[in-house]
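>>> Sequence first, predicted coordinates after that:
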Amino acid sequence: MFAELGHLAVVIAFAIAILQSIVPMIGASRGYAGWMDSATPAAIAQFLAILFAFAMLTISFVTSDFSVKLVASNSHSLKPMLYKVSGVWGNHEGSMLLWILILAFYGALVAFFGAKLPIVLRARVLSIQAMIGVAFLAFLLFTSNPFERLEFPPIDGNDLNPLLQDPGLAFHPPFLYLGYVGLSMTFSFAVAALIQGSVDAAWARWVRPWALLAWITLTIGIALGSWWAYYELGWGGWWFWDPVENASFMPWLISVALLHSAIVVEKRETLKSWTVLLAILGFSFSLIGTFIVRSGVITSVHAFANDPERGVFILAILTVAIGGALTLYAVRSNALRSNSAFSVVSRESGLVLNNLLLVVATMVVFIGTIWPLVAELVMGRKLSVGAPFFDLAFTPFMIVLAIALPMGAILPWKRAKFRKSTKPLMGTLVLSLAIGLLIWSLQTGGRMMAPIGLALAAWVILGALVDLGTRTRIRQVGISAGLRRLRNLPRADMGKTVAHIGMGLTIFGIAAITAWEAEDIRVANIGERFDVSGYTFQFDGVEKQNGKNYTADVGAISAFVDDKFIAVLKPEKRFYPVQRMPTTEAGIHSRLHRDLYVALGDQQGDGWTVRTYVKPFAVWIWIGSMVMALGGILSMTDRRLRIATSQRKAT
Amino acid sequence: MLRMILCLLFLGGAAFAVEPDEVLSDPVLEERAREVSKDLRCLVCRNENIDSSNAGIAKDLRILVRERLTAGDSNDQVIDFVVDRYGEFVLLKPRVSFQNILLWAAGPFLLLIGGIIGWRFSNNKKRTEPEDLSPDEAARLKDILDQ
């Protein structure tokens, strides 16, 4: 019953989306106000229909209705409730429905809060948003129906992949989709701007919150995924340059570029057509990511469905969306001329450099990701492109970006004297170089990652603080007046500082863990003690435990420093009988200055294989990511972005 | 990051890689073995290096690498040795060769092109510089500011 209602709701949403994509668009070109206005109720109705369908699917999962094929193959009656719910999107069909739900949700947000938008722009944006909806609803209905019934329901389900039964991974996909799909909003705004042939500061102001929202959620989603890999896969890697990671990383990089170029459009009315192009590119990479994940063309384990039919369908959506938008861009972008000039030394140029580095870095990731495919199709050669390539080809761009960041951020708009403007950074420069040199001279062995990375981190973080200091003129006006000025700074400026500090912290974490990690691999007997990098570990043994839907070997390893007890680490090896699959859970003791990380291996005679790591400053990778996201949130609460809603309240 | 799932699915057992009995007693040699291993792919896994895989072939390759290193090969010689037997598919970092020129040159090339375009854009004198305020406008501005 629930499944049929859900299916019906999707069909209704599909019909609404078709109307919503046609009627307002015609209305906008003919000037029929009523036709344009129809977009608003349509967007809200479409969202409600899909929300209803999603609720129906969730009910099927929660009540373990195994007559629904999707539930039978992805759930189990014994599974904890959290994973029954997250099982809804832990598979191809359900995650597609979530994707569409978020797409419609954003459309409804524009309909609901967009009262201040020019009516023509709003009609076109919602129409384009609905076109994307039509494409994906068709994909869902014709190739990936989540509501399919089984003629003979099994007694119990097939269970969710145990690796996905994890709190970090339960929320990883929704955040990623909020980000991917958030870029559909900036895409719709960009295409609408191309159709109407004008981009102005108001347009940039409307696009910016969407770009920010997409970026914030992508940041959180990627960080959750990387954190999960860190504690789940058993050796503490946190980034693998896997095709599917790249699929989320490319839109992230483009959204960073878009955020920055939208500022230039808003403040200086230049870089207009470039910003529109970035908005198109951002969603294009979202679609490419969807294609990579779901077509199985570039093999990766995320691949939900190695189904050629689905792959071809998504390829068709991708071709029409990207091809259509880029064609429109080629025809209309001349209308978006930017008139205000700026000199080579200026904030604008700094942001152009930022965009250049980010976009080229994205292209490097893109080419690296598809190269094995290209090589096989074009040259008939089988080859691999993995982490060592990306580390080498991608990292230099980020290093240059980090070097340029504090200087670009402190330059005034339009025209600047380089020496004069960057003078406040002299102290930071000297200090950062000193930190780098100090670490270089202290460390034995030749890894340059630590001195370079830490000098860069100091440069970015201190540079952001110095920028804030000059904005508040704290040195001239004194502490208390400076703090008062700090409170009065626009939130966007605070957001900028916080986000840049977050980036510095992440650089710090990455450099430290890469350069200073210590490892120990051994077969440990019960009672055995061993030292790793200043810490002593004692293997206390392994006991069997039973979880709700798994059994586990749980190891106990006590950690000491200078004979002082710190903690017992409990690494687990779990076995999920339904899927007959083992997983590992590392035992981790986290502190700001280091993680103690232990993973349990196989039993070998009387002992067990134990891998022990001391990972200095590991948590800063994720703290930095969260600080970046926080900066984005601060920026979103800026007064000028809220102004439309506050005006509405006033009337 | 989930690419290991398949390895896990097919092979059973946790993602447990370098085994204690494989580790060389000479720490310098072991360090070099790790360096070499990073560039070599576990052939049956998805994009995973031999160090972090517990597939049988990865173990064989790890032992092979260590044998060659112990026998006195340089890192490059070890890699050449493995590539001769398993083909370039085994390399996670494709060689800088004519066939891979696009892959390796894309970054620097795009940076150069983009840099030239960006430079010309910011140096473009043709775009009209907003002119200084006319005396009328200046007077009006003064009025507004004085209010």
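Arrived safely, thanks for sending. All of these numbers come straight from a predicted model, not from anything done at the bench.

>>> Are there helices or strands packed against the strand or helix carrying residue A:327, and which ones?
With secondary structure defined by DSSP states H and E, residue A:327 is part of helix A:308-332. Counting by 3 or more C-beta pairs under 8 Å, 6 or more residues apart in numbering or on different chains; DSSP states H and E, the packing neighbours recorded for helix A:308-332 are helix A:119-143, helix A:167-196, helix A:272-295. All C-beta spots, glycine's among them, are computed from the backbone N, C-alpha and C.

>>> Show me the shaky parts of chain A.
Chain A contains residues with pLDDT under 70 at A:234, A:296-307, A:339, A:444-446, A:640-651.

>>> domains for it, by residue range?
Per automatic domain parsing, the domain ranges recorded for chain A read A:2-149+A:157-336, A:518-620.

>>> Nearest approach to residue A:428 belongs to which of the ones you listed?
domain A:518-620 (19.5 Å; C-beta to C-beta).

>>> so how many other residues sit close to the one residue in the stretch 51-200 of chain A that gets nearest to chain B?
The nearest approach of the stretch 51-200 of chain A to chain B comes at residue A:163, 5.6 Å away (C-beta to the nearest C-beta). When counting by other C-beta atoms under 10 Å in any protein chain shown, one arrives at 22 neighbours for residue A:163.

>>> before we move on, back to that, residues of the helix holding residue A:327 that come out buried?
Neighbour-count burial for helix A:308-332, with 16 or more other C-beta atoms under 10 Å in any protein chain shown as criterion, is recorded at A:310-311, A:313-315, A:317-318, A:321-322, A:325, A:328-329, A:332.

>>> Which residues are in contact with residue A:266?
A:201, A:204-205, A:208 (C-beta atoms under 8 Å, 6 or more residues apart in numbering or on different chains).

>>> Export those residues to a markdown table and append columns for neighbour count.
Putting the contacts of residue A:266 into a markdown table (neighbours: other C-beta atoms under 10 Å in any protein chain shown) gives the following:
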| residue | neighbour count |
| --- | --- |
| A:201 | 13 |
| A:204 | 24 |
| A:205 | 17 |
| A:208 | 24 |
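
>>> out of these, which one sits closest to residue A:75?
Distances from residue A:75 to the contacts of residue A:266, taken by C-beta to C-beta, are shortest for residue A:208, at 40.3 Å.

>>> gap between that closest one and residue A:275?
Separation of residue A:208 from residue A:275 (C-beta to C-beta, to the nearest Å) stands at 10 Å.

>>> and for the two, which residues touch both?
Common neighbours of residue A:208 and residue A:275 (criterion: C-beta under 8 Å, 6+ apart): residue A:262.

>>> what's downstream of the helix of greatest length in chain A, the next helix or strand?
Longest helix in chain A, counting residues (DSSP state H): helix A:201-232. Sequence order places helix A:243-268 as the next helix or strand after helix A:201-232, per DSSP H and E.

>>> Which neighbouring elements make contact with whichever strand or helix holds residue A:495?
If you go by DSSP H and E, residue A:495 is part of helix A:491-516. Applying 3+ C-beta pairs under 8 Å, 6+ apart, one finds that helix A:491-516 contacts helix A:387-410, helix A:449-472, strand A:607-616, helix A:620-636, helix A:639-650.

>>> touching chain B at all, the helix or strand following the first one?
Read that as helix A:387-410. Beyond helix A:387-410 in the direction of the C-terminus, DSSP H and E gives the next helix or strand as helix A:418-421. No - Helix A:418-421 stays clear of chain B (C-beta under 8 Å from any C-beta of the partner chain), getting no nearer than 13.6 Å.

>>> cool, and stretch A:215-230?
Yes - Stretch A:215-230 comes into contact with chain B (C-beta under 8 Å from any C-beta), by way of A:225-226, A:228-229.

>>> who wins for neighbours among those residues?
residue A:225 (25 neighbours).

>>> Enumerate every residue touching that residue.
With contact set as C-beta under 8 Å, 6+ apart, residue A:225 has these partners: A:168-169, A:172, A:176, A:245, A:248, B:1.

>>> rewinding a little: report the buried residues of the helix or strand following the helix holding residue A:495.
Using DSSP H and E, the helix or strand that directly follows helix A:491-516 along the chain is strand A:518-524. Neighbour-count burial for strand A:518-524, counted by 16+ other C-beta under 10 Å, picks out A:519-524.

>>> how does chain B divide into domains?
With automatic domain parsing as the reference, chain B has domains B:4-90, B:96-123.

>>> now for these, which one comes closest to residue A:83?
For residue A:83, the closest of the domains of chain B is domain B:4-90, at 16.2 Å, according to C-beta to C-beta.

>>> Any idea which helix or strand in chain B has the lowest mean pLDDT?
Ranked by mean pLDDT, DSSP states H and E, the weakest helix or strand in chain B is helix B:4-11, scoring a mean of 41.

>>> low-scoring stretches of chain B, by residue?
Using pLDDT under 70, the flagged stretches of chain B are B:1-16, B:124-134, B:147.

>>> What backbone torsions are found at the residue of it found nearest chain A?
Here chain B gets closest to chain A at one residue, residue B:92, 3.2 Å apart by C-beta to the nearest C-beta. Backbone geometry at residue B:92, expressed as degrees, to the nearest 10, gives phi -80, psi -20.

>>> Is it in contact with residue B:43, as I believe?
No - Residue B:92 is beyond contact range of residue B:43, at 11.3 Å (criterion: C-beta atoms under 8 Å).

>>> more neighbours, the two?
Set residue B:92 next to residue B:43 and count neighbours by other C-beta under 10 Å: residue B:92 wins out with 24 against 18.

>>> which helices and strands does the lengthiest helix in chain B pack with?
Longest helix in chain B by number of residues (criterion: DSSP H): helix B:101-122. If you count contacts as 3+ C-beta pairs under 8 Å, 6+ apart, helix B:101-122 packs onto helix A:347-374, helix A:387-410.

>>> what helices or strands is the last one leaning on?
Just to be clear, that refers to helix A:387-410. With contacts defined as 3+ C-beta pairs under 8 Å, 6+ apart, helix A:387-410 has these neighbours: helix A:347-374, helix A:449-472, helix A:491-516, helix B:101-122.

>>> in whichever helix or strand comes after the second one, what's buried?
Just to be clear, that refers to helix A:449-472. The helix or strand immediately downstream of helix A:449-472 is helix A:474-477, counting by DSSP H and E. For helix A:474-477, the neighbour count (16+ other C-beta under 10 Å) marks residue A:474 as buried.

>>> coming back round to it: and the helices and strands packed on helix A:387-410: which comes nearest residue A:264?
Closest approach to residue A:264 among the helices and strands packed on helix A:387-410 (C-beta to C-beta): helix A:347-374, 5.3 Å.

>>> check whether that closest one contacts chain B.
Yes - for helix A:347-374 and chain B, the contact criterion (C-beta under 8 Å from any C-beta) is met by A:348-349, A:352-353, A:356-357, A:359-361, A:363-364, A:367-368, A:371, A:374.

>>> so who does whichever residue of the stretch 251-400 of chain A sits closest to chain B touch?
Nearest to chain B, among the residues of the stretch 251-400 of chain A, is residue A:386, at 3.2 Å (C-beta to the nearest C-beta). For residue A:386, the contact set (C-beta under 8 Å, 6+ apart) comprises A:241, B:41, B:47, B:49, B:92-93.

>>> which one of those sits closest to residue A:90?
Nearest to residue A:90 out of the contacts of residue A:386 is residue B:47 (C-beta to C-beta; 22.1 Å).

>>> I'm done for today, thanks for sticking with me.
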